[in-house]
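Participant: give me coordinates for this.
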Amino acid sequence: MTTAPQTSKPVFWWLVVVGAMVCAMILVGGATRLTDSGLSITEWKPVTGAIPPLSQEAWQAEFDLYRASPEYQLQNRGMSLAEFEFIYWWEWGHRFLGRMIGLVFFLPLVVFWVRKQIPQRLKPRLVGLLFLGGLQGFVGWWMVASGLVDRVDVSQYRLAAHLSLAFVILGVTLWLALEARNGPTPANGHRLTGWALGFWCLVLIQIALGAFVAGLDAGRIFNTWPGMDGRIIPEGYLSGMSWFQAAFESLPAVQMHHRWTAYLIAVLTVVFVMALRRTGRPELRKSAHGLAMLVGLQIVLGIAALLASAPLWLSLLHQGGAIALFLMAGVTTRRLRVAA
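Facilitator: Below you'll find the predicted structure:
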């Protein structure tokens with residue numbers, strides 16, 4: 001009788017590839033949002049939608065569907081077919097990459113399962129990860145559907161849910177990959193493990209706040225730093241709303257919260273990095289240096305994007321920095337769990 005292995009390099013590298021594709025998916029999704037391309041495909045066809053228009057008549061049919069949408073009627077009236085094709089390819093590429101992630105995850109999962117190469121403890125978690133991937137497809141369409149009726153953009157709430165779930169999938173993929181390479185995670189970790197987990201969650205919250213900024217185009221106002229047109233609390237903070245509503249719907253409030261959460265992360269990073277360095281462990285010192293560098297870089301990129309009114313290339317660099325910081329926070333958490 002053969003027993004399942006405790007570690008598996010093939011499973012590790014497979015999950016690394018999946019994780020890299022999820023990172024690419026996040027960046028393509030960011031470009032899709034920032035180029036206002038997300039509503040160019042007005043139907044959800046999980047299977048047949050993988051084939052793009054292949055004739056002039058097919059392109060015209062897709063364009064006619066788009067011209068019936070509020071975004072075209074209220075914002076893009078007069079758009080040419082060539083301009084439509086540009087935004088269509090961004091959205092089609094985003095959806096196609098999602099389909100490819102599904103295949104790259106599912107098919108090797110079946111092969112590794114049949115060959116008994118998957119550690120037993122990872123099997124239910126990999127099935128759960130597969131479920132999360134399927135759920136993400138539904139959430140993506142739920143998000144797009146919000147922009148097809150009475151709106152010219154998708155709901156910022158649904159955008160934040162879609163992006164947050166993408167990072168949850170990335171975090172789970174990272175954790176399972178590290179387990180596949182290094183073995184089971186100890187039940188009790190280093191005393192700083194709670195700190196690391198809290199920091200990782202705070203980074204995820206900041207990413208969700210960034211989704212609200214992107215969803216409302218709130219990065220294109222108050223393009224000054226350190227103040228917001230010279231003020232700590234910007235003019236129009238509540239915008240006539242209750243505080244709770246303003247926190248998610250007022251452009252000044254959304255931008256301010258994203259800024260101040262970044263400052264909070266910077267302060268906590270200093271404290272956390274000092275604590276990691278005091279442990280004397282080489283791997284934790286590497287984590288400390290990585291976190292310090294990435295948080296500093298991310299703040300610089302955020303300020304640069306803000307001052308430049310959020311151009312596409314700077315915004316994507318900022319999003320890429322968020323991915324790197326999120327992964328580093330996850331690696332640090334894992335290292336502390338095994339450092340007891």
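Participant: output the below-cut-off pLDDT ranges for the stretch 1-150 of the chain.
Facilitator: Within the stretch 1-150 of the chain, the set of residues satisfying pLDDT under 70 comprises 1-4.
Participant: let's go with 80 and repeat that
Facilitator: 1-5 (pLDDT under 80).
Participant: ranges for the helices of it?
Facilitator: Applying DSSP state H, counting those that start in this stretch to the stretch 1-150 of the chain gives helices spanning 9-34, 56-67, 70-74, 81-114, 123-145.
Participant: any idea which of the ones you listed is most buried?
Facilitator: helix 9-34 (a mean of 19; mean count of other C-beta atoms under 10 Å). Every residue, glycine included, has its C-beta placed from N, CA and C.
Participant: what packs against that one?
Facilitator: helix 81-114, helix 156-182, helix 193-215, helix 312-337 (3 or more C-beta pairs under 8 Å, 6 or more residues apart in numbering; DSSP states H and E).
Participant: buried residues in the shortest one?
Facilitator: Judged by neighbour count (16 or more other C-beta atoms under 10 Å), helix 193-215 contains these buried residues: 193, 195-197, 199-200, 202-204, 206-215.
Participant: can you list the residues that contact the helix or strand following that helix?
Facilitator: Beyond helix 193-215 on the C-terminal side, the first helix or strand identified by DSSP states H and E is helix 243-249. The contact list for helix 243-249 (C-beta atoms under 8 Å, 6 or more residues apart in numbering) reads 156, 157, 212, 216, 237, 238, 239, 241, 253, 254, 257.
Participant: farthest pair in the residues you listed?
Facilitator: 157 and 237 (19.6 Å; C-beta to C-beta).
Participant: which of the two has more residues huddled nearby?
Facilitator: For the pair residue 157 and residue 237, the greater number of neighbours falls to residue 237 (18 against 15), based on other C-beta atoms under 10 Å.
Participant: quick check: residue 297 vs residue 150, distance?
Facilitator: According to C-beta to C-beta, to the nearest Å, residue 297 stands 40 Å off from residue 150.
Participant: so these two - more neighbours on which side?
Facilitator: Higher neighbour count among residue 297 and residue 150: residue 297, with 15 against 8, using other C-beta under 10 Å.
Participant: shouldn't the more buried one be in contact with residue 322?
Facilitator: No: with contact defined as C-beta atoms under 8 Å, residue 297 does not reach residue 322; the gap is 10.6 Å.
Participant: and the closest residue to residue 117 other than its chain neighbours, what does it touch?
Facilitator: Sequence neighbours aside, residue 8 is the residue nearest to residue 117 in space, at 5.2 Å (criterion: C-beta to C-beta, 6 or more residues apart in numbering). By C-beta under 8 Å, 6+ apart, the contact set of residue 8 is 112, 117, 118, 119, 180.
Participant: quick one: distance of the helix or strand in which residue 303 is found to the chain centre.
Facilitator: Assessed by DSSP H and E, residue 303 sits inside helix 282-307. In this view, helix 282-307 has its centroid 17 Å away from the chain centroid, taken as C-alpha atoms, centre = their mean, to the nearest Å.
Participant: kindly report the same for stretch 224-231.
Facilitator: Computed by C-alpha atoms, centre = their mean, the separation of stretch 224-231 from the middle of its chain amounts to 28 Å.
Participant: and if you look at stretch 64-79?
Facilitator: Going by C-alpha atoms, centre = their mean, where stretch 64-79 is centred and where its chain is centred differ by 28 Å.
Participant: for stretch 201-220, same thing?
Facilitator: Worked out by C-alpha atoms, centre = their mean, stretch 201-220 lies 10 Å from the chain centre.
Participant: what of stretch 57-69?
Facilitator: 30 Å.
Participant: who touches the spatially closest residue to residue 38 that is not a sequence neighbour in this structure?
Facilitator: Of all residues not flanking residue 38 in the chain, residue 32 sits nearest, at 5.0 Å (C-beta to C-beta, 6+ apart). Each residue near residue 32 by C-beta under 8 Å, 6+ apart is listed here: 38, 90, 91, 93, 94.
Participant: cool, residue 214 as well?
Facilitator: Residue 214 touches 30, 33, 34, 159, 315, counting by C-beta under 8 Å, 6+ apart.
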